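Asks: everything below, folded, please.
(one chain, ligands or ions: 1)
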Amino acid sequence: MIKSSVAPVFWDDERSRLQLVDQLALPDNYVLLTMESVNDIAHAIKAMIVRGAPAIGITAAFGVYYAAREAWKSHDKAALIRNAKDLLAQTRPTAVNLFWALDRMMACVEKHISDATPDAILCEAKQILKEDYDMNLAMAEHGADAIGNVKNILTHCNAGALATAGLGTALGVIRAIDARLKDNGESLHVWVDETRPYLQGARLTSWELMQDGVDCTLITDNMAAHFMKQGLVDAVIVGADRIARNGDFANKIGTYGLAVLAAYHRIPFYVAAPSSTFDANMATGDDIVIEERAPSEVVVINGKRIAPDGVKARHPAFDVTPHQLVTGIITPDGVLRFSDK
Ligand code: MRU
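Replies: As a prediction, this is how the structure comes out:
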C-alpha cells in the first residue's frame, strides 16, 4: 500500500478545530496552524497557507461547517451561512474544486437546515476529505498502470500530498511507480521544476518527496527542454485546477510550455485529477478564469528585490493547456484520452 508521511489538512475532533500545515513556512519549518473562524479559513486559502486545488476545496468545506455552527442558533442561519460561503468563494478563482466543495456543502446545509445540530455538515466535510484521499489512491494505481515502470519523470508545481488530502494526484502516481520499481530493487527518479515565481516545486515538492525517500533532482523551469533533449525524461505528469469538457485544463503557470516541449520531444504528457477538478459547465479551456496575482511575487524573492525598482511585471498564476497536447488524464475511474497523442 502506498502512503505519504505528510498531509496539509487535519480535523481535530477533540477541539473541534481545523488545523492546517502552514505551507508558507515550508520547507524550513513545519508549523500547524489552528483555524478559529471562517475568516481565518478564508485568509488561509487566499494567503496560500493552504494551496493546491483539492486541498483548497477540502478546507473550504470545513469553512462552511464553521459558519454553520456559528450561525446554527440564529434566526437567519441560512443567510449567515450563505454570506460565509460567498466569502470563501472569493478567495481564489481558478481551482474549480473550491466551488465544487462549496456547492456540495450548501446542498448539505439546505438538506439539514432544520436539524437540531449542524453535525451532518461536519460529516459532509469529513467525507469530502476522505473521498479525496481514496480518489488519490485509485489514481495512483491507474496512473502507474498507464505510464508503466519508467525511470525518469518530470513534474511541475506541487500536485502532491500537500495539495490534497494526502498522497497527491501527480505525486500519488509517482509514489506508486516508485513503489513498484522498488519491489524490483530499482527506483524512480523525479525531475522537480522549481515553479517560478511561487516556487511550489522547490519549496514543497522536493521537500515532500525527500520526506518519503523518493529520489529527486530540483531544476529551474527553463532546464526542462535541455534534459528532455538528452533523453533523460521518460514522461511528464502534472495536476490540474480545472478541466473543461473537451480536456483542456488549467494548471500552474508553466504547464502549457512543458506540454509543448513534451510534444516536440515525443514524451508522454499526463494529467492526474480527481472528479472534483472536472468542470461540466465549461466546454473548452478558453473560458477558465486565470488568477492574476501580485507582480511583486515575480520581482521579490524571499524579501529580496531581483529586478530594477519600479519595473513592470505580470503574474498569471495559471495557464491553460489544450487537450491536443495531453496523452491521458488519469482519473479515479481510469485514464481518459482526448487526443491521439
Ligand atoms: O497556486 P497553487 O499552489 O494552489 O497551484 C497548485 C497547482 O497548480 C497544482 O498543480 C494543482 O492545484 C493540482 S494539485 C493536486
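
Asks: give the burial count for Gly257, as a bare number.
Replies: By other Cβ atoms under 10 Å, 16 other residues sit near Gly257. To be clear about C-beta, it is placed using only N, CA and C from the backbone, and glycine gets the same treatment.

Asks: cool, the one 4 residues further on as well?
Replies: Summarising burial for Leu261: neighbours were counted as other Cβ under 10 Å, giving 21.

Asks: that one belongs to a helix?
Replies: Yes - residue assignment for Leu261, taken from DSSP: H, G, I helix; E, B strand; the rest coil, places it within a helix.

Asks: contact partners for it?
Replies: Residues touching Leu261, when contacts are defined by Cβ atoms under 8 Å, 6 or more residues apart in numbering, comprise 224-225, 228, 267.

Asks: now swap in Pro332 and tell me
Replies: Under the criterion of Cβ under 8 Å, 6+ apart, the contact list for Pro332 reads 134-135, 138-139, 142, 274-275.

Asks: first-to-last residue distance for stretch 47-58?
Replies: Across its full length, stretch 47-58 reaches 16 Å end to end, with Cα to Cα, to the nearest Å as the criterion.

Asks: would you mind listing the buried residues in that stretch?
Replies: By neighbour count on 16 or more other Cβ atoms under 10 Å, the buried set for stretch 47-58 is 48-58.

Asks: those residues also near the ligand: which ones?
Replies: Among those, proximity to the ligand is found for 51-54 (Cβ under 6 Å from any ligand atom).

Asks: redo the residues you listed as TSV? Include pLDDT.
Replies: TSV is the format used below for these (pLDDT from 0 to 100):
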residue	pLDDT
Arg51	98
Gly52	98
Ala53	98
Pro54	98
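
Asks: for Ala71, state which of these is nearest.
Replies: Of all those, the one sitting nearest Ala71 is Pro54; the distance, using Cβ to Cβ, is 26.2 Å.

Asks: near Thr169, how many other residues are there?
Replies: When neighbours are counted by other Cβ under 10 Å, Thr169 registers 33.

Asks: ok, how many other residues are close to the closest residue to it other than its chain neighbours?
Replies: In space, Thr169 comes closest to Ala272 once its chain neighbours are excluded; the distance is 4.0 Å by Cβ to Cβ, 6 or more residues apart in numbering. For Ala272, the neighbour count with other Cβ under 10 Å is 32.

Asks: ok, Arg92 - contacts?
Replies: Contacts of Arg92 by Cβ under 8 Å, 6+ apart are 45-46, 56, 98, 291.

Asks: so for the helix or strand encompassing Leu154, what's the average pLDDT?
Replies: Element membership of Leu154, judged by DSSP states H and E, is strand 152-155. Taken as a whole, strand 152-155 carries a mean pLDDT of 98.

Asks: need the pLDDT of the residue lying closest to Val9 once chain neighbours are set aside.
Replies: If you skip the residues right next to it in sequence, Val9 has Ile58 as its closest partner in space, 5.3 Å away by Cβ to Cβ, 6+ apart. We have a pLDDT of 98 for Ile58.

Asks: surely Ile58 meets Leu102?
Replies: No - under the criterion of Cβ atoms under 8 Å, Ile58 lies out of contact with Leu102, with a separation of 11.4 Å.

Asks: which residues in the stretch 201-341 of the chain form strands?
Replies: In the stretch 201-341 of the chain, strands defined by DSSP state E, counting those that start in this stretch lie at 215-219, 235-238, 242-243, 249-252, 269-272, 300-301, 304-305, 318-321, 328-331, 334-336, listed in chain order.

Asks: so where's this protein uncertain?
Replies: The model of the chain has pLDDT under 70 over residues 339-341.

Asks: contact residues of it facing the ligand?
Replies: Residues of the chain lying close to the ligand (Cβ under 6 Å from any ligand atom) are 51-54, 95, 157, 159, 163-164, 169, 200, 239-241, 251-252, 317.

Asks: which among the residues you listed end up buried?
Replies: Under a neighbour-count criterion of 16+ other Cβ under 10 Å, the subset of these counted as buried comprises 51-54, 95, 157, 159, 163-164, 169, 200, 239-241, 251-252, 317.

Asks: mind checking how far the helix of greatest length in the chain is from the chain centre?
Replies: When the chain is scanned for its longest helix (criterion: DSSP state H), the result is helix 119-147. Per Cα atoms, centre = their mean, to the nearest Å, the displacement of helix 119-147 from the mean C-alpha position of its chain is 13 Å.

Asks: OK, contacts around Ala53?
Replies: With contact taken as Cβ under 8 Å, 6+ apart, Ala53 is in contact with 95-98, 163, 239-242, 273, 276-277.

Asks: go again using 7 Å as the cut-off
Replies: By Cβ atoms under 7 Å, 6 or more residues apart in numbering, the residues touching Ala53 are 95, 97, 163, 239, 241, 277.

Asks: what does Thr284 give?
Replies: The contact partners of Thr284, by Cβ under 7 Å, 6+ apart, come to 244, 246, 248.

Asks: would you mind measuring from the first one to Lys46?
Replies: Translated: Ala244. In this structure, Ala244 and Lys46 are 25 Å apart, going by Cβ to Cβ, to the nearest Å.

Asks: with neighbour numbers in mind, choose between those two.
Replies: Looking at Ala244 and Lys46 with other Cβ under 10 Å, you find the greater number of neighbours at Ala244, namely 23 against 15.
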